[in-house]
Each structure stands twice: as structure tokens, then as C-alpha cells.
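[1] Here is the input, now give the coordinates:
(4 chains)
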There are 2 protein chains.
Amino acid sequence: MLPLLLLAGFRALIDDLHAELARQGHPELRPLHGFVLQAVGADGTTASELGHRLGVSKQAAGKTVDRLVTLGYLERADDSRDARRKLVRLTPHGLDGLRRSAVIFDDLRQRWTETLGADRVAAIEDDLRAVAPANWFRLDVPGWFTG
Amino acid sequence: MLPLLLLAGFRALIDDLHAELARQGHPELRPLHGFVLQAVGADGTTASELGHRLGVSKQAAGKTVDRLVTLGYLERADDSRDARRKLVRLTPHGLDGLRRSAVIFDDLRQRWTETLGADRVAAIEDDLRAVAPANWFRLDVPGWFTG
DNA sequence: TAGGTTAGTCAACGTGGTTGACCAAACCGT
DNA sequence: ACGGTTTGGTCAACCACGTTGACTAACCTA
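    Numbers count the residues shown, from 1 in each chain, chains lettered A, B, ... in the order given. So this is what the prediction gives:
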């Protein structure tokens, strides 16, 4: 049951996050999108670099950027110093979603500590850090899971 | 970091499982497939019931069954008492994969207890049971994550 | 027997992943 | 300064998995 429980815990957090995000003006944001916004960051990136961070091809990253541009979360801008590059930046709406996500995650973690105790939550984090690959930041969940 | 850590823990287990399954004659099995085989079970089911168990439509369940039939893990059989129904059963190969998965998961859990101690692993399980929805068994991970 | 429900399938489509091909811009060694 | 290589972005075709809608065949029941 261990793997199912880890997945259930992850899913509980993500579902609660997105239920709250929907209430706060972000009903179209999907679980994947949050990770992408996080990977873009406040400073912006390029599609290639984004693909690298997410562990997917630059084409896949480009498609997801397209999607989030039409949803109003990202925008593209030319790079004055390198005409090949197109900077991907958060729009104000995207920045708002990212900030709210951080706040809500803090709130959810707080709720866990109220149920389990702060020491137990910290112990879970420590233990998982000990058994999960440390360097890890591949967010290609759909492709990973399905092949 | 809590959600990332839960995901990383889940992913570490699943990746280790499938690395070992690949070594033991099941290189084509994807993470999703293991859950499907589990949901089919030793007694078999129908596509509709499978969709119900997995939390997806009967059409989606039928497609996944098609896939696993061509991979040799499942087979369809007519129901002598209801000509509409088609029983989905594990093939010997499918049963082999399911049994090996169980053994490997036990082994991986054992490895965690060697790193963390049995009490810590049990504590993680207890804690997650306390915060994750109890009734839970929706495995529509791809659709859930991407929308 | 007529009418409603249930199981399975087909078709069209959305989302996210892949690889291969291609162009334009940048970089670099001679 | 030029020519070859690398790099960033895009297009096209394809796969896996999900959805909804429509349809048939079989079962159940009033």
C-alpha cells in the first residue's frame, strides 16, 4: 500500500490546491500547469531551457507554453541580444497564480501539522528526502506514467 | 516541498519497480498497466466494471484493455450467461507480472525500512492514511493530471 | 410483447508526449 | 571574413490516454 498512499497524499494536496485556486480565480489551471509556472519562474526562460528543467523535449515544452499563453498565464517576448531566442515570461495573471499556489501550499501543510503534529510532518519530509533521489526535478508525469 | 517529496517518493518506488520488472521479463509494462492489472484481479472483470474501479469511462477502460491484450497481459472471453458481457481476464503472463509486482513492492518496502527503520515507514503509512481520503481508488492519473 | 437499461464499440476530438526535418541566427576556427 | 557547426524555435506525423456522443445487441421487467 505504500506507493498508493504516497500517491494519495500527493493527490490530496494537489486536489485541495486546485479546488482553492479555482475559488480564487484560477479555475482553468491544471496540476501540470502549476509545475510549469514554477519552472518558468519570476525571471522567465526559453522553451528549450524549460524543456530541460522539466525533463521533456523542447517541442513538448513549446506546446505547453502555447497552451498557457492562450490561457493568459504566459507570454513570449523577443530577446534583443539573440534573435533566435524567445523569452517565456509569466503574465501578471500567471504570477498571481504562482503566488497563490505558494500560499495555499503553506496553508495545506499547516493543516497537515494540525492533524499529525509538526514533528510527524517534518519526519515525513526528512524520510522522503532520504529515500527519494535528491537531484530530482523531472515533471514529465503524463509521459512517464503512460509511456 | 511536501507535494514534490510525496511525488518523488512515489516515483522512486514505481521507477524501481519497473526497472526490476523489466529485468524479470516485463519490459513493456508501464506504471499505468500495473494498476490496471491490479484492478482486473485474479477473478477478472468486465470493461465497464473496470472503468468503474479505475474512475474512468468504459470507453477509456476498453481502450486500455485493448492495449494490454495486444501486449499479452489480458484476454477477453465471452460470458456464457450474458452475451453482452465480455470477461476480461489475466493471461498467465499477466498473472506473472502481477505476482512479481507484489513481490518487488514488498522488497522495496523492506529496503525503505532498512534505511529509515520499520517504525518510520509504518508512521508514514499511518500518517498518510490519516490525511488522504480513505475511500480512494481513482487511478485516472494521466487525465487527472493534465485535464 | 413493448420499453427501458446495460455492455461494448466506433468515431471525433483534446491534451501531452515522442521523433524527424527544417530554417535562421549565433558561434568559432582557419 | 568566411564556412561549418551548434543552438533555438517551429512544423508535421504519430502514439497513449482521456473525454463525449451515438449506435447495436442483449437483457430485464411491467
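[2] As PDB, could you dump the C-alpha coordinates of stretch A:40-59?
    The C-alpha trace of stretch A:40-59 is given here as PDB (Å, rounded to 0.1, in the frame of the first residue of the first chain):
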ATOM      1  CA  VAL A  40       9.300  29.300 -15.700                       C
ATOM      2  CA  GLY A  41       9.900  31.300 -12.500                       C
ATOM      3  CA  ALA A  42       9.700  35.000 -12.000                       C
ATOM      4  CA  ASP A  43      12.700  35.600 -14.300                       C
ATOM      5  CA  GLY A  44      11.400  33.800 -17.300                       C
ATOM      6  CA  THR A  45      13.200  31.300 -19.500                       C
ATOM      7  CA  THR A  46      13.200  29.900 -23.000                       C
ATOM      8  CA  ALA A  47      11.300  26.900 -24.300                       C
ATOM      9  CA  SER A  48      14.400  24.900 -24.600                       C
ATOM     10  CA  GLU A  49      15.600  25.600 -21.100                       C
ATOM     11  CA  LEU A  50      12.100  25.000 -19.900                       C
ATOM     12  CA  GLY A  51      12.100  21.600 -21.600                       C
ATOM     13  CA  HIS A  52      15.400  20.900 -20.000                       C
ATOM     14  CA  ARG A  53      14.100  21.800 -16.500                       C
ATOM     15  CA  LEU A  54      11.000  19.700 -16.900                       C
ATOM     16  CA  GLY A  55      12.800  16.700 -18.500                       C
ATOM     17  CA  VAL A  56      10.800  16.900 -21.700                       C
ATOM     18  CA  SER A  57      11.700  17.800 -25.300                       C
ATOM     19  CA  LYS A  58      11.800  21.400 -26.400                       C
ATOM     20  CA  GLN A  59       8.800  20.700 -28.700                       C
END
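[3] Residue A:10: what's its closest spatial neighbour, skipping adjacent residues?
    residue B:6 (4.0 Å; CB to CB, 6 or more residues apart in numbering or on different chains). C-beta: built from backbone N, CA, C; applies to glycine.
[4] show me what contacts the one you found?
    A:6, A:7, A:9, A:10, A:13, A:128 (CB atoms under 8 Å, 6 or more residues apart in numbering or on different chains).
[5] Closest one of these to DNA strand C?
    Using CB to the nearest atom of the strand, residue A:10 is the member of those that lies nearest DNA strand C, at 16.7 Å.
[6] Confirm that the closest one lies within a strand, as I assumed.
    No: secondary structure of residue A:10 (DSSP: H, G, I helix; E, B strand; the rest coil): helix, not part of a strand.
[7] For it, report the pLDDT, please.
    Looking at residue A:10, its pLDDT stands at 94.
[8] And residue A:137, by the same measure?
    pLDDT recorded at residue A:137 is 69.
[9] before we move on, what about the one 4 residues further on?
    In this prediction, residue A:141 carries a pLDDT score of 87.
[10] so who does it touch?
    A:32, B:7, B:141, B:145.
[11] Quick check: which of the residues you listed are also close to DNA strand C?
    By CB under 7 Å from any atom of the strand, the members of these lying near DNA strand C are residue A:32.
[12] Relative to DNA strand D, which of the contacts of residue A:141 is nearest.
    Distances from DNA strand D to the contacts of residue A:141, taken by CB to the nearest atom of the strand, are shortest for residue B:141, at 6.7 Å.
[13] related to what we said a few turns ago, give me phi/psi at the residue nearest to residue A:10?
    Dihedral pair for residue B:6: phi -60, psi -40, per degrees, to the nearest 10.
[14] What is the longest helix of chain A by residue count?
    Longest helix in chain A by number of residues (criterion: DSSP state H): helix A:92-116.
[15] what does chain A put close to DNA strand C?
    With the criterion set to CB under 7 Å from any atom of the strand, chain A comes near DNA strand C through A:30, A:32-33, A:54, A:56-57, A:59-61, A:63-64, A:67, A:81-84, A:140, A:142-143.
[16] Dump the contacts of residue B:6 to a markdown table, plus distance to DNA strand D.
    A markdown table is the format used below for the contacts of residue B:6 (distance: CB to the nearest atom of the strand, whole Å):
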| residue | distance to DNA strand D |
| --- | --- |
| A:6 | 19 |
| A:7 | 14 |
| A:9 | 20 |
| A:10 | 17 |
| A:13 | 21 |
| A:128 | 26 |
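[17] okay, and for chain A, where does confidence drop off?
    A:134-137 (pLDDT under 70).
[18] rerun that using 90 as the cut-off
    A:1, A:132-144, A:146-147 (pLDDT under 90).
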